[in-house]
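In: any chance you could fold what I've pasted below:
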Amino acid sequence: MPRAYHFDQFCVDLVQNRVIGPDGVPLAMSSRAYEVLVYLIENRTRVLTKDDLMKAVWPRIVVEENNLTQAISTLRRALGDMRDGSRFIITVPGRGYRFVGDVKVDTEESSAPPAAISAPAIVAAMPVEPAVLAAHEATREVVPEAPEATVDVVQQASAATSAVAPEVPAAEPVSEQPAYSRRWLLAGLGGLAVAAAIGGVLWSRRSGQTARMPRSIAVLPFKPLVEQAPDQAMELGIAETLINRLSSLPDVTVTPLSSVRRYAGSEQDPLAAGRDLDVAAVIEGHVQFRPDRVRLTARLLDVQTGAALWSGSFDEKPDDYFALQDSLARQLVDALSLELSEQAQQRLTQHYTENVEAWQLYLNGRFHWDRRNEEGIRKAIQYYEAAEKVDPRFALPAVGLADAWAAFGVFGVVPPGEAFPQARLAAERAISLNDQLADAQASLGHVLVQQSRDWAGGERQYRYALKLNPTYAQAFFWLGNLHAYKGRLPEALVETQRAQSLEPMSLAFAANVGLIRYFMRDFDAALAQLEGLVEAAPQALLARNHLGRVYSAMGKAGKAVRVLEGHPGPMAGSFSNLGRAFALNGQVDAARREIVRVEDLGKRGFGVGFDLAIVHAALGERELALAALERGEGDVSQMIGFLNSEPGLDAIREDPRFRAVSQRLGLG
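Out: Predicted coordinates for the structure are as follows:
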């Protein structure tokens, strides 16, 4: 019986179910991707159809084809296998896939498997390239402690922002409150979910079993207890609250919300979800809402065996859920005999508001924000404003407003001159209410960078946010981009890969790794990253736009046109991509029509100088490109920070006028 397969410099260890890379370190990949690779190797003498692979790897559940596509893309990235001219896994058009590498089979029973490596080490090693980590760490600075607020947070809104923010004006009047039902809960539901977990843990202790928290847990979106219209905002809100609570426990890895959101729906198979997420246990639950009662049940399931490690049910009035949440959280810690620091205890029972109606409005805003489109973000703003109206001391809605308005400014939905003042007021308001919120500190940094081009101030905010919450993926994402602005591309890659490792299902974070590879001129790696994303998620406009840039830089302008044309929509950095592709593909008239379109956006208040410079450079119009770049200094072009990294400007990079723009912007 085979113990291992060897090909090139890789080893598929069939004993410990892992793939060892050339450096002797296990490659990071999901269990499904591993199973796909093994099945391909075992059947390497023939072409395997997609149906063959899906039946072999997902034998008992129905999954979409993009699950297989994503697994193939993961394997190709892990093996350094390019989609075009693949060394190991080839696509046979219209038929399927085949493994074509030279394989040596190890069948000797005495063969020792490769040295073991712990699961945490694999996770830690996965996103960060050792070659750049040392250089990156050398640039990290020590962030001083934040000063304590000494004045009333409502009367003196600017005190908690220390020296980084001016005095904050009074909040704008909030909009009319959106229509909503069930004025109680969502916040308390997280407490109920914790309660269900506690109930089961206490039961297992009383039964003489050992209460032990699995090392990795996924909290799935809750489902209705009885047949009724689904309410995804509530179901996801319960899961998010429980995720946030459990994440403060030591020695437990909790899957982020972005990874479990796709399992919303009454037909989800919790064990299949757990296997896909590669966790030891999942929490699944059901909830029923009535005007005078809330009923909740939950189970912790062992993914490998399917056994229920604990279960619990609760039937309560929709009152006093915050106090219940605190009590149950403390009981959970006692039941598990966990030793928590005083700071961890405070996080476990922290209240962001005492008003359950405000909390529900906020979570409805979060639900719409996560739709990641213009309509969703506009609805999120309405809910956030309504939450602030109900509880003006509640900081999280202000953070949500800051991010929503900043997204509108960066993605070209609202002119930056309109969007960023709103974003800054909201971020400063959030910090004035709670200066220990990492989200708020990072959001202010994002505004400082994108609106004011205050690179140093933004970096201080990002680093302070990561001091408050070392696992805040969004702060790593923004810090990575700032490194790229400053020309520190190895450090940029480290931070963007860290963001992706923290939230591996985030399309935006994955696409950003491809963008940084593009800036590093590592076009093959960028192509492998982005082609897989677009293939798996054709609707992912950010990845699609970045892929168009890579094709253009690689001399594949025709492919760039095909991947970009017919996919309009506001997107960060999208103003120049199609025009550049047209120009490089010899479609000069089409490129000039794009220039006219972008100029019209400039008349409406959007920053377009940087983008126009790229299109003019692609057309070989050097003077027009330089003039547009100089224009970009003053028109809040959102991508101008990438000035010194953008390959599309290489043709004019050595011009003194180019260098002068870079120096005036403080980019060196």
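
In: all helices of the stretch 451-600 of the chain, in order?
Out: Using DSSP state H, counting those that start in this stretch, the helices found in the stretch 451-600 of the chain span residues 455-468, 473-485, 489-502, 507-519, 523-536, 541-553, 557-564, 577-584, 588-603.

In: err, the stretch 251-400 of the chain, not the other one
Out: Counting by DSSP H, counting those that start in this stretch, the helices of the stretch 251-400 of the chain are 257-260, 270-277, 321-335, 342-348, 356-369, 374-390, 396-410.

In: how about the strands in the chain?
Out: Using DSSP state E, the strands of the chain run over 4-7, 10-13, 18-20, 89-92, 96-99, 103-106, 216-219, 223-224, 253-254, 281-289, 294-302, 308-316.

In: just checking, what packs against the fourth one?
Out: Read it as strand 89-92. Counting contacts by 3 or more CB pairs under 8 Å, 6 or more residues apart in numbering; DSSP states H and E, strand 89-92 is packed against helix 65-78, strand 96-99. From N, CA and C alone the C-beta is placed, and that goes for glycine too.

In: before we move on, the earlier item: please identify the most buried of the strands of the chain.
Out: Scoring these by mean neighbour count under mean count of other CB atoms under 10 Å gives strand 216-219 as the most buried, with a mean of 26.

In: can you give the domain ranges for this structure?
Out: Per automatic domain parsing, the structural domains of the chain span 4-125, 187-351.

In: how far away from the center of its chain is the first one?
Out: I take that to be domain 4-125. Centroid separation for domain 4-125 versus its chain: 25 Å, with CA atoms, centre = their mean, to the nearest Å.

In: so for it, mean pLDDT?
Out: Over the span of domain 4-125, the pLDDT mean works out to 75.

In: got it, and the longest one?
Out: Throughout domain 187-351, pLDDT has a mean value of 67.

In: who are the contact partners of Val254?
Out: Neighbour list for Val254: 216-219, 243, 246-247 [criterion: CB atoms under 8 Å, 6 or more residues apart in numbering].

In: what about it, distance to Val287?
Out: With the distance defined as CB to CB, to the nearest Å, Val254 ends up 20 Å from Val287.

In: cool, Ser30 as well?
Out: Distance from Ser30 to Val287, by CB to CB: 29 Å.

In: now do Ala456
Out: Counting by CB to CB, the gap from Ala456 to Val287 is 47 Å.

In: thinking again about what came up before, reformat the helices and strands packed on strand 89-92 into CSV and put distance to Ser501 next to each item.
Out: Compiled in CSV, the helices and strands packed on strand 89-92 are given as follows (distance: least, CB to CB, whole Å):
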stretch, distance to Ser501
helix 65-78, 13
strand 96-99, 27
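
In: ok, which of these comes nearest Gln451?
Out: Nearest to Gln451 among the helices and strands packed on strand 89-92 is helix 65-78 (34.9 Å), distances taken as CB to CB.

In: for the residue at minimal distance from the centre of the chain, report the pLDDT, please.
Out: Centroid-nearest residue in the chain: Ser506, 3.6 Å away (criterion: CA atoms, centre = their mean). Turning to Ser506, the model gives it a pLDDT of 87.

In: surely it touches Ser258?
Out: Yes: counting by CB atoms under 8 Å, Ser506 does reach Ser258; the two are 5.0 Å apart.

In: quick revisit: nearest to Arg95, out of the helices of the stretch 451-600 of the chain?
Out: Closest among the helices of the stretch 451-600 of the chain, using CB to CB: helix 523-536, at 16.5 Å.

In: which elements pack onto the closest one?
Out: Going by 3+ CB pairs under 8 Å, 6+ apart, helix 523-536 lies up against helix 65-78, helix 507-519, helix 541-553.

In: dump those to JSON lines, plus mean neighbour count and distance to Ala308.
Out: Shown next, in JSON lines, are these (neighbours: other CB atoms under 10 Å; distance: least, CB to CB, whole Å):
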{"stretch": "helix 65-78", "mean neighbour count": "20", "distance to Ala308": "26"}
{"stretch": "helix 507-519", "mean neighbour count": "25", "distance to Ala308": "34"}
{"stretch": "helix 541-553", "mean neighbour count": "26", "distance to Ala308": "39"}
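
In: so Ala358 touches Ala395, yeah?
Out: No: when contacts are counted by CB under 8 Å, Ala358 is not listed as touching Ala395 (11.0 Å).

In: with distance to Ser432 as added columns, please give the helices of the stretch 451-600 of the chain in a markdown table.
Out: Shown next, in a markdown table, are the helices of the stretch 451-600 of the chain (distance: least, CB to CB, whole Å):
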| stretch | distance to Ser432 |
| --- | --- |
| helix 455-468 | 15 |
| helix 473-485 | 20 |
| helix 489-502 | 27 |
| helix 507-519 | 29 |
| helix 523-536 | 39 |
| helix 541-553 | 32 |
| helix 557-564 | 42 |
| helix 577-584 | 39 |
| helix 588-603 | 34 |
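
In: mind checking which of those is nearest Leu271?
Out: Of these, nearest to Leu271 by CB to CB is helix 523-536, at 23.1 Å.

In: which one is Tyr518 nearest to, not counting chain neighbours?
Out: Ala526 (4.3 Å; CB to CB, 6 or more residues apart in numbering).

In: I'd like to know how far the one you found sits from Lys486.
Out: For Ala526 relative to Lys486 (CB to CB), the value is 20 Å.

In: neighbour count: the two, which is higher?
Out: Each of Ala526 and Lys486 has its neighbours counted (other CB atoms under 10 Å); Ala526 has more, 25 against 20.

In: how near is the residue nearest to Tyr518 to Gly514?
Out: With CB to CB as the criterion, Ala526 and Gly514 are 5 Å apart.
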